[in-house]
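# Sharing a sequence plus its predicted fold:
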Amino acid sequence: MSAHQHAEGQLPHEPERATLEGRNKVLGFWIFLGAEVVLFGTLFSAFVALRHQVLDGPHASELFELPMVFAATMILLTSSLMSVFAVQAMHRNKVKALIGWLFVTIILGLSFLGLEIYEFNNYVAEGHRMNTSAFSSSFYTLVGFHGAHVAFGVLWISLLIAQMFKKGLTVVTAPKIYLSMIYWHFIDVVWVFIFTVVYLMGKVG
Amino acid sequence: MDWLTTVDHKKIGILYLLAGFIFFLVGGLEAILIRIQLMKPMNDFVAADTFNELITMHGTTMIFLAAMPMLFALMNAVIPLQIGARDVAFPFLNALGFWTFFFGGLLLNISWFAGQVPDAGWTSYVPLAGPTYNGTHGVDYYVIGLQIAGIGTLLGGINFMATIINMRAPGMSFMRMPMFTWAIFITSVLIVFAFPVLTVGLVALMFDRLFQANFFEVGGGGNTVLWEHVFWVFGHPEVYILILPAFGVISEVVATFSRKRLFGYSSMVFALVLIAFLGFMVWAHHMFTTGLGPVANALFSIGTMLIAVPTGVKIFNWLFTLWGGSIRFTTANLFAIGFIPTFVLGGVTGVMLASAPADYQYHDSYFVVAHFHYVIVGGLILGIFAGLHYWWPKMFGRMLNEGLGKLTFWTFFIGFHLTFFVQHFLGLLGMPRRVWTYLPNQGFDTLNLISSIGAFLMGIGTIVFVLNVIITWAKPRNAAADAWEDGRSLEWTIPSPPPEYNFKQTPLVRGIDAWWKEKTEGNTAMTPAEPLGPIHMPSPSILPFIMSVGLFIAGFGFMYAHHWLAAGGILVTFVCMFFRSVYDDHGFHIDPEEEVQA
C-alpha cells in the first residue's frame, strides 16, 4: 500500500491481486480449474475405456487426419502465447497493446473452432455419428466439451475487450483479464492431452 | 423480495435450512410410506412400481436435497463468523448456489406431478436407468435435476475453500481454526474433486438417453461397469462430504459442553485429512460383487478398513474431551453424545462390509441398509440436530425450548435404533433390499413390524422439532451473544443474530479457541485488529434467481425435446451472466457509527 503505487491515475504493480476481491477471484478460479481437471479426467477415462468399441463404424486410425489436427494444435498453442503477451501488456499498463493481443487470441481461437467444425462435419459424412458406437459417443463428448470451452472462452474474452474500451484497465477489470488468460492456458493444456491421447494414440492404434 | 435477492451468507443459510428441511420432510414421508408397505408380509399398500419410485426418490432426496443443504445451512450460518470474516469470498455465487440447488430439487420433485418418477434406485444403475429399459421421462428428471442441483454444490465447495483460505481474521493460522471450520474446509476440497465426476456421469447418461449415445448401451459397445466406477468415484467421497461436517459439529458441541479444550486438536485435523484422502481411494468396495477380481477386491478391502484408524482417533478424542469435563447435558450435547456410540456401530458394520468375502453374503441385503442408515441418519442427522440446537440462538436470536428438544432427542434416538438395529438381523436372515414385499413366516414378519414402529417414532420426533421451532418463533429475540455462556470460538463474540456486517471490527485471534482464551484472561471483548471505519458490503441481486430459473426451463426443454425451449432457458442464464459481467457491482458501505445510533 505504499504511496507511489497508488499515485494519481496509476495502477498498482499487479492490478489483479491489488484488492481482496481480486485475490479471492484468482484463488477461487484456480480451485475451479482443479474441478475442471477432474471433469476432463473423467471424460478422458471414459474415452480410454471405450475407444476400441467401434462396432461397424470407422476406427480412429481410418478417421483422423493428423496434418489438420496438427494445424489446429499449432493455432491453439500460438493463441496461448498471444495471451501471455496480453498479460504482459496489462502488467506494463499498455491498454491498447492489451486489447490488440486479446484480439489476436480470439481470432486464433475462432480459427481453431472453425477447423474443428470442419473436422466434425467430415467425420459425420464418413458415418461417424454420436450414436454410431461407444467410441464415437465418447469422442464427440470429450472433444466437443473442449470445443465448448474454447467457444465460451472466445465469448468471454470478446466481452472483456468491450469492457476494456468502455472502462479501461482498473483493479476491477484486471482480475477478469487475468482469469480469462489462466482459463485460456488451461484449455490449451487440455488440448495437448487430447492431441496425445485421442489423436496420436488413435493413429497408432 | 428481500429473500430472493439476498447475498448475505446468514440469510442464505436460513434459506438452505428452510428448503433442506422441507425436502427432509418430503424424504421422510417417502420413508414412512416405504415402512408402511413393509410393515406386514404380502402388503399391497402401494403398487410395486410406486415402491420403486419411493425408494429412488427417498434416497436421492435425502442425500442431495435434505442432508447436503442442511449442512450448507450450517456452513453458511457459521463459517464466516467462526473465522472472523464479514461474508464469504463470493456472495453472488453463494446465492446462485442456493437457487440452482433449489430449482434442481424442484425439478426432481415435479416428477411426482408429471407422473413419470425416477425408479432406477438412487444409484441409477445402467442398464436399468438406460433408454432400453427405462423409456419414460422418470430418469430424465433424476439426471437433469441432479445436474442443476450439482452446480450449486460445486459453487459452494469452491466458495468455502476460497473463503477459508483467504478471509481468516488476523492471527488465525490454519492450526488455530475451529474444528468445524476445518471439517468444512476438507469437505469443500472433497466437493471440488468429487462432484465433477458425477457431472460427467450424469452428462454421459443424459447423452445416452437424449441423443442415443452409447456410453452405457452394451449393444452400442458401451460399458455398464463404467457407470459403476464413475458413480462410486463420486459416491464414496460423497459419504465423507456428508459425515465430515457432522464430525466438525460434534467437535464443537462436545468441547463447549464439557467446558474443555478439544482433546488432541492436531490429531483431529490430521485424521480429517487422512479420511478425506482415503475416501477417494476406496470406491470399488461398492463393487466387490461386480467381478473385478481378487486382487482389486483385496486392495480396496484393505484400503477401506484403513479408514477405521483415523475415525477411531476422532472417536477417542471426543471421549477424552468428555472425560473429566464438567458436562452439561443440553439437547445439543445429548445429540452429540448419542452420535458417538451410534456412529461407532455404523463404523463396525462398515468394517464387516469392507471384508470382500463377507460382502458376498451381505451384498444387497438389509444389512447394508442398516449400515448406511447408521452412518447417515445416526451420524449425519444426529450431527445436524446437534448443530441446529447449538447454533439456533446464533442464527435466530432465540433459544429453542430445552424440554421439547430433549423430547425430540429421545423419540428420534429410540425410534432410530428401533428402525435400523433390527434391519441388521433382517439382512443376515436373508431379506434383500429394494424388494416391494415378502412372504410370511420367513422370519421377517416381527422384525419388519418393529422397524416400521421405529420409523413412526422418528416421524414423531421430527414433528416435535417442528413444534419446538414454531413455539420458539413466538418468543422474543433475547438470546445473549454468548448464548451458552461457554462459547469458545468467534461466533459467540458478536450479537445473536449477528448484524449484517458480522464484525464491526475484525478481531485479532491469539490462539486456539480465540474467545475462550480471552475469557480466561478476564477480557470481555476481542481485541480489534483494525480501526473502526465504513464497512464495504456487496449489493443484493436478483440475477442468481433468474439464472436458476433459466436452467430450470432449459431442463424441461431438454427433457421433452423442445429444443427452442432449452435454448431459450440457456439464453436466459447467459444473458444474466452478460449483465453480471458488464455491470460492475461496487456494493455499498455501512457506517457502523450511524448504525449504532439508528
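Cool, the structure landed.
# so who does whatever residue of chain A ends up closest to chain B touch?
Nearest to chain B, among the residues of chain A, is residue A:53, at 3.0 Å (CB to the nearest CB). Yep, even glycine has a C-beta here, placed from its N, CA and C like the rest. Counting by CB atoms under 8 Å, 6 or more residues apart in numbering or on different chains, residue A:53 touches A:133, A:134, A:135, B:214, B:220, B:221, B:222, B:223.
# Just the buried ones out of the residues you listed, please.
A:133, A:134, A:135, B:214, B:220, B:221, B:222, B:223 (16 or more other CB atoms under 10 Å in any protein chain shown).
# Can you pull the residues of chain A lying near chain B?
Near chain B, the residues belonging to chain A are A:20, A:23-24, A:27-28, A:31-32, A:34-36, A:38-39, A:42-43, A:45-46, A:49-50, A:53-55, A:130-138, A:141, A:156, A:159, A:162-163, A:167, A:172, A:176 when assessed by CB under 8 Å from any CB of the partner chain.
# The same query, at a cut-off of 6 Å, please.
Applying CB under 6 Å from any CB of the partner chain, we find that chain A lies next to chain B at A:24, A:27-28, A:31-32, A:34-35, A:38-39, A:42-43, A:49, A:53, A:55, A:130-131, A:133-134, A:137, A:159, A:172.
# How many neighbouring residues does residue 71 have?
You didn't pick a chain, so chain A it is. 14 (other CB atoms under 10 Å in any protein chain shown).
# let's do chain B instead
A count of neighbours around residue B:71, defined by other CB under 10 Å, yields 28.
# how about it, what does it touch?
With contacts taken as CB atoms under 6 Å, 6 or more residues apart in numbering or on different chains, residue B:71 has the following neighbours: residue B:245.
# Looks to me like it is in a strand.
No: Residue B:71 is assigned helix when assessed by DSSP: H, G, I helix; E, B strand; the rest coil, not a strand.
# ok, back up a step: please name the nearest non-neighbouring residue to the residue of chain A closest to chain B.
residue B:221 (3.0 Å; CB to CB, 6 or more residues apart in numbering or on different chains).
# Residue A:134 is in contact with that neighbour, correct?
Yes: in this structure residue B:221 lies within contact range of residue A:134 using CB atoms under 6 Å: 3.6 Å.
# residues shared between the contacts of these two?
A:53, B:214.
# Look at residue B:127 and tell me its secondary structure.
Under three-state DSSP, residue B:127 comes out as coil.
# Look at it and report its pLDDT.
At residue B:127, the pLDDT value in this model is 91.
# how much space between it and chain A?
For residue B:127, the distance to chain A (CB to the nearest CB, to the nearest Å) stands at 13 Å.
# same thing with residue B:269?
Counting by CB to the nearest CB - residue B:269 and chain A are separated by 20 Å.
# For that residue, which non-adjacent residue is closest in space?
residue B:182 (5.6 Å).
# got the contact list for the residue of chain B found nearest chain A?
Using CB to the nearest CB, the closest approach of chain B to chain A is made by residue B:221 at 3.0 Å. Residues near residue B:221 by CB under 6 Å, 6+ apart: A:53, A:55, A:133, A:134, B:214.
# Quick check: phi and psi on the spatially closest residue to the last one that is not a sequence neighbour?
Take residue B:214 and drop its neighbours on the chain: the residue closest to it by CB to CB, 6+ apart is residue B:220, 2.9 Å away. When read as degrees, to the nearest 10, the backbone of residue B:220 gives phi -100, psi 10.
# Now that residue B:220 has come up, it's in contact with residue B:213, right?
No: counting by CB under 6 Å, residue B:220 sits too far from residue B:213 to count as a contact (7.9 Å).
# I'd like the distance between residue B:39 and residue A:104.
According to CB to CB, to the nearest Å, residue B:39 stands 71 Å off from residue A:104.
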